[in-house]
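Visitor: I'd like to go over a predicted model; first the sequence, then the structure.
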There are 8 protein chains.
Amino acid sequence: MAENTEKTPLVGIIMGSKSDLPVMEGCTAELERLGVPYELVIASAHRTPDKVHEWAETAADRGIKVIVAAAGKAAHLGGVVAAFTPLPVVGVPMKTSDLGGMDSLLSMVQMPSGVPVACVAINGAKNAAIYATQILGATMPEYREAIVNLKNEMAQA
Amino acid sequence: MAENTEKTPLVGIIMGSKSDLPVMEGCTAELERLGVPYELVIASAHRTPDKVHEWAETAADRGIKVIVAAAGKAAHLGGVVAAFTPLPVVGVPMKTSDLGGMDSLLSMVQMPSGVPVACVAINGAKNAAIYATQILGATMPEYREAIVNLKNEMAQA
Amino acid sequence: MAENTEKTPLVGIIMGSKSDLPVMEGCTAELERLGVPYELVIASAHRTPDKVHEWAETAADRGIKVIVAAAGKAAHLGGVVAAFTPLPVVGVPMKTSDLGGMDSLLSMVQMPSGVPVACVAINGAKNAAIYATQILGATMPEYREAIVNLKNEMAQA
Amino acid sequence: MAENTEKTPLVGIIMGSKSDLPVMEGCTAELERLGVPYELVIASAHRTPDKVHEWAETAADRGIKVIVAAAGKAAHLGGVVAAFTPLPVVGVPMKTSDLGGMDSLLSMVQMPSGVPVACVAINGAKNAAIYATQILGATMPEYREAIVNLKNEMAQA
Amino acid sequence: MAENTEKTPLVGIIMGSKSDLPVMEGCTAELERLGVPYELVIASAHRTPDKVHEWAETAADRGIKVIVAAAGKAAHLGGVVAAFTPLPVVGVPMKTSDLGGMDSLLSMVQMPSGVPVACVAINGAKNAAIYATQILGATMPEYREAIVNLKNEMAQA
Amino acid sequence: MAENTEKTPLVGIIMGSKSDLPVMEGCTAELERLGVPYELVIASAHRTPDKVHEWAETAADRGIKVIVAAAGKAAHLGGVVAAFTPLPVVGVPMKTSDLGGMDSLLSMVQMPSGVPVACVAINGAKNAAIYATQILGATMPEYREAIVNLKNEMAQA
Amino acid sequence: MAENTEKTPLVGIIMGSKSDLPVMEGCTAELERLGVPYELVIASAHRTPDKVHEWAETAADRGIKVIVAAAGKAAHLGGVVAAFTPLPVVGVPMKTSDLGGMDSLLSMVQMPSGVPVACVAINGAKNAAIYATQILGATMPEYREAIVNLKNEMAQA
Amino acid sequence: MAENTEKTPLVGIIMGSKSDLPVMEGCTAELERLGVPYELVIASAHRTPDKVHEWAETAADRGIKVIVAAAGKAAHLGGVVAAFTPLPVVGVPMKTSDLGGMDSLLSMVQMPSGVPVACVAINGAKNAAIYATQILGATMPEYREAIVNLKNEMAQA
């Protein structure tokens, strides 16, 4: 993790509530395994909107290339971030205790025309890490290689 | 309507897309019937977030007492407005062509703790007008009376 | 709470069953924190309809400005109350053990034209308290201020 | 139909809105075919609650043995009627344009303990007539016979 | 209970599996409280279809007036029984561990034209007992009275 | 088709209503294209249960190897047939106008332990034909070959 | 079990993850009870696609007559296998912790035209075994007899 | 478009059926507007799996950086492609006539751990184009600029 934090973060992780952290540790663990430096912030689209806006608006200039946004229920966080950045936003809809996460999923994935958020599965924290790395790997060879290695490992498991 | 627009608007209606207007005319028509002055703006939480924020942040100071927010799909508009105003926000989830509006409903109603949006039915434009008037009528006698009259008319219909 | 009960209640809370009480204590606790006097009654729209009607019909005259109605399953309580009062009714759909509260939500939010109930999230007891206070704050400065303070606290949390 | 209306009605049909009538004519047509006298009223649980209550409370004394209640969306009509009568209430959840009638169905069928409404299928107007006749036929031989005949006809169709 | 079993049963309860019994004891307990004699059988529409058919076909001749059928998942039991008897069938959709009982509910309530099953709520065993008694009470004064008493007790609870 | 009807039918198609026929012609057309002889009957599990039972009980003795059962809403037909035959039953849940066929699907696929029905997609008439042929092809070389040819044609389309 | 593994397997069971094994032991246990030799492999359509393809492409030549495929969430395994074999594929959608298995079910059952997978119930492992045996029994007398015996046992249970 | 096709394609679009083309023209039109060269292929994961595999396995070597996969019903195409490429796959779940696209959405988004597909909204063809461009823009300045310009245009519309 030290290695990760010494480098400029390439992935910015934002989540709506401290309670999302245990699930989202599946994301940070996978990013570390894949050697991708990241930063992480907890901020609510509704309770601390200005914090979210500032973080989103400045992300590209800080060197962030991909954003992972995790939120539950009426999960607006991904969309709010996407409104303020040209970067691709990967949404992680959190499982909810009443509707199983169907509310989070629809609130994230059904974005209207012009401002997409692309979602992974409900509670898909690890896959969000892999997907963010695939986005980096689209043009950066070392991350492409990390994904190729991951696929090889899975194929042998 | 002239009468309405000469007075300071008490209800602010915001909708995410021009395509919501035909349904939301059920809201403006009812407000006019109930004698409630309103203003109306079309602005997207995602495509024009700054416009939404400014409108929401200044609504209370302009004299608006209640906000009606209509949006479809991943309908964040109500929640985004609610993040920037102390006023009560009435959400109108718009019917969608694929999921019937279930996506809009869950995206609006399932707001996380601290920042509520209270929703009426899918495409419930007229009821949003009545509810906004009930909110005014909670403390303003002329609007209480307008609701009482409406109820009497319905009882005799 | 003493302070609350000495004042005339402004919010009337009604719930369909004693079993809703543990969740709805999230509502009363928040109202107390916001300094809003309230009254609370348990009455079923189906088992004790006359008690509900009388309570609803007299609420406005007792000085109540907003009603919070919580019920589960085929959750008619909000609609039944709304039929008998000109006051705004905030619905709290209770989580159910089989369908997660989807039944409660649809039974409350999908009110037909003319008699709205505006719903907060499933089990959204705390948000119902905040919303009721926002309704009061639409025209009563001390409650507007309570909401502004709440938002400031959340922004700093 | 003349024959039906000359006799004391045994089935009371109530529906929430005039717009339910085209579907519910499937119910009246079947009752006529089965020779069951009925009465029909249009009254809304929310817009004209007093009319509903009075109709429901006096139904048994007027000689009604079974009630058929049809309503859509947050379909409280069946439950409201059931609260005011000891008679069995057969619910007909109406198809809705956005959620297909799932809202009507859950609002009717998920009645809490103590006050049942038994539902037939969405838009199941004809089946409500047959079911009401089966209830009569439980103890009245001529209606038992009408059902037996209906079953024989179906078996030969 | 002795009193119940000495009389000719008026309600026939059938359930698809022994595992439904703990829930359905809510039905038998309520019938006993209401003084309604009943019989109970466990038989599967799919594993023991002949047993179900014979039981259903002979129910009316044994003096049964109403049938309560409880089943889960693809819950055909109510419909299969209804195909073989002119008696009214009250369906009790059982809660399921994966879909919460939505499968049981739709399999029971959405009966096609001609052969209705009227359903109470998911796991609504007690309400099925009350409804069966209401059906008896449609024409039998002692059961009408039992329901009136029950309503009075609930109103005073 | 003549060729088909001269041979002993190997697939028995049963559907609940004449209204299912236009969709199910996708099944018969595909069976003919694959050279599989079939028979077809329209019979309702609820309106004509004895006809269904007799057809199902005698199917194996008539030389039928696979049954295709199509039905909509509370679609019990597949399960009822499966209760009376040792043959494999392929269920085709019909699309419904209110719930899109979700009711038909759950009523067919969620069969309880011991008596399976295996379902293809909603309105999947053509796939039911292919699947029935795959079942024949499990042990009969000419039908295995028909499937292999079909796959080759698709791969070249 | 020894008896089973000495014979050439007739049923090939494939599952997407080791975590599906406890549920799928309901399938192997039933196959053993019915005397059907089987083989079992764990391979993921996504993590080890080549392993799946090779297994599926060679299944028929190894003497397999029926395939049972179990997977959860976006459950592609059945469809991927079906693309590479002319054999009938029985899908077992696994229960999921968030959506109860509705995702698995729709991902398996809603196969597009040309390549069917026929599904049993969510977690329907035992029924998949019975269904696979019914497919064998379509033309192989000893498995027909095993099913007839099973039905007789159930009828006497 | 000429300009697009002269350059090496950066986005590879694959769709399961020719019938998806009218919707997916929203994707190609937007890519052209954003100046992103692309290639397009129609191939089914189930009917022409080898074509899909070869296309997916060679995409990265052809210079493709991002894949857009559109499919309906049991929409496996995105997952099948993702299994054979290290590139990020953007899924477009197609609206379906029976379940509105809920089946397509869950089949695409609920990918198991290790092999993500990130989904945009049902029928979200235009947003898939924007998202693919955002992925390119993560590291390629000209596409970052195209997105920034798009956002500016939307803000002024």
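Guide: All right, it came through fine.
Visitor: which residues in chain A form helices?
Guide: A:2-6, A:21-33, A:49-59, A:77-83, A:102-109, A:125-137, A:141-156 (DSSP state H).
Visitor: can you put these in JSON lines and add distance to chain H, mean neighbour count and mean pLDDT?
Guide: The C-beta positions use only the backbone N, C-alpha and C, and glycine is treated the same way. JSON lines is the format used below for these (distance: least, Cβ to the nearest Cβ, whole Å; neighbours: other Cβ atoms under 10 Å in any protein chain shown; pLDDT from 0 to 100):
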{"stretch": "helix A:2-6", "distance to chain H": "18", "mean neighbour count": "11", "mean pLDDT": "49"}
{"stretch": "helix A:21-33", "distance to chain H": "9", "mean neighbour count": "18", "mean pLDDT": "98"}
{"stretch": "helix A:49-59", "distance to chain H": "11", "mean neighbour count": "19", "mean pLDDT": "97"}
{"stretch": "helix A:77-83", "distance to chain H": "8", "mean neighbour count": "31", "mean pLDDT": "98"}
{"stretch": "helix A:102-109", "distance to chain H": "6", "mean neighbour count": "31", "mean pLDDT": "98"}
{"stretch": "helix A:125-137", "distance to chain H": "4", "mean neighbour count": "28", "mean pLDDT": "98"}
{"stretch": "helix A:141-156", "distance to chain H": "4", "mean neighbour count": "15", "mean pLDDT": "96"}
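Visitor: Let me have these in CSV, extended by distance to chain C.
Guide: Shown next, in CSV, are the helices of chain A (distance: least, Cβ to the nearest Cβ, whole Å):
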stretch, distance to chain C
helix A:2-6, 25
helix A:21-33, 15
helix A:49-59, 7
helix A:77-83, 15
helix A:102-109, 9
helix A:125-137, 22
helix A:141-156, 34
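Visitor: Relative to residue H:93, tell me which of those helices wins on proximity.
Guide: helix A:102-109 (8.5 Å; Cβ to Cβ).
Visitor: Any chance you could list what contacts that closest one?
Guide: Applying Cβ atoms under 8 Å, 6 or more residues apart in numbering or on different chains, the contact partners of helix A:102-109 are A:71-76, A:78-79, A:91, A:93-96, A:117, A:119, A:122, B:74, B:76, B:99, B:102-103, B:106-107, B:110, G:99, H:105, H:109, H:119-121.
Visitor: Kindly format the C-alpha coordinates of that helix as PDB.
Guide: Listed in PDB are the C-alpha atoms of helix A:102-109, where the atom choice follows Å, rounded to 0.1, in the frame of the first residue of the first chain:
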ATOM      1  CA  MET A 102     -32.200  -3.000  -6.800                       C
ATOM      2  CA  ASP A 103     -32.800   0.600  -5.800                       C
ATOM      3  CA  SER A 104     -29.100   1.400  -5.800                       C
ATOM      4  CA  LEU A 105     -28.600  -0.400  -9.200                       C
ATOM      5  CA  LEU A 106     -31.400   1.500 -10.900                       C
ATOM      6  CA  SER A 107     -30.400   4.800  -9.400                       C
ATOM      7  CA  MET A 108     -26.900   4.400 -10.800                       C
ATOM      8  CA  VAL A 109     -27.300   2.600 -14.100                       C
END
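Visitor: Off-centre distance for it?
Guide: How far helix A:102-109 lies from its chain's middle: 15 Å, per Cα atoms, centre = their mean, to the nearest Å.
Visitor: And the helices of chain A: which comes nearest residue F:67?
Guide: Using Cβ to Cβ, these put helix A:102-109 closest to residue F:67, at 35.2 Å.
Visitor: by how many degrees do that closest one and helix C:102-109 diverge?
Guide: Interaxial angle, helix A:102-109 versus helix C:102-109 (axes from the mean of the first three to the mean of the last three Cα atoms, to 10 degrees): 70 degrees.
Visitor: on that earlier part again, in strands only, show me the contacts of helix A:102-109.
Guide: A:71, A:91, A:93, A:119, H:119 (DSSP state E).
Visitor: Now do the contacts for the first one.
Guide: In this case it means residue A:71. With Cβ under 8 Å, 6+ apart, residue A:71 has these contacts: A:15-17, A:20, A:45, A:77-78, A:91-94, A:104, A:107-108.
Visitor: list the contacts for residue A:147?
Guide: A:34, A:130, A:133, A:134, A:137, H:86 are the contacts of residue A:147 under Cβ under 8 Å, 6+ apart.
Visitor: What is the nearest of the residues you listed to chain E?
Guide: Within the contacts of residue A:147, the smallest distance to chain E is 28.2 Å, found for residue A:130 (Cβ to the nearest Cβ).
Visitor: mind checking pLDDT for residue A:1?
Guide: Per-residue pLDDT puts residue A:1 at 33.
Visitor: nope, residue A:139 is what I was after
Guide: In this model, residue A:139 carries a pLDDT of 89.
Visitor: What count of nearby residues applies to it?
Guide: Neighbourhood size, residue A:139 [other Cβ atoms under 10 Å in any protein chain shown]: 18.
Visitor: picking that back up, now tabulate the helices of chain A in CSV and tack on distance to residue E:66.
Guide: Shown next, in CSV, are the helices of chain A (distance: least, Cβ to Cβ, whole Å):
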stretch, distance to residue E:66
helix A:2-6, 69
helix A:21-33, 50
helix A:49-59, 58
helix A:77-83, 53
helix A:102-109, 38
helix A:125-137, 53
helix A:141-156, 59
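Visitor: among those, which is nearest residue E:64?
Guide: helix A:102-109 (42.2 Å).
Visitor: Now for the residue nearest to the spatial centre of chain A: which residues touch it?
Guide: Nearest to the mean C-alpha position of chain A, counting by Cα atoms, centre = their mean, stands residue A:68 at 1.3 Å. Taking Cβ under 8 Å, 6+ apart, we find residue A:68 in contact with A:11, A:12, A:13, A:14, A:27, A:89, A:90, A:92, A:128, A:129, A:132.
Visitor: again, 7 Å this time
Guide: When contacts are counted by Cβ atoms under 7 Å, 6 or more residues apart in numbering or on different chains, residue A:68 touches A:11, A:13, A:27, A:90, A:92, A:128, A:132.
Visitor: What of residue A:17?
Guide: So residue A:17 contacts A:42, A:44 (Cβ under 7 Å, 6+ apart).
Visitor: repeat that for 8 Å
Guide: Residue A:17 touches A:42, A:44, A:71, A:72, B:112, counting by Cβ under 8 Å, 6+ apart.
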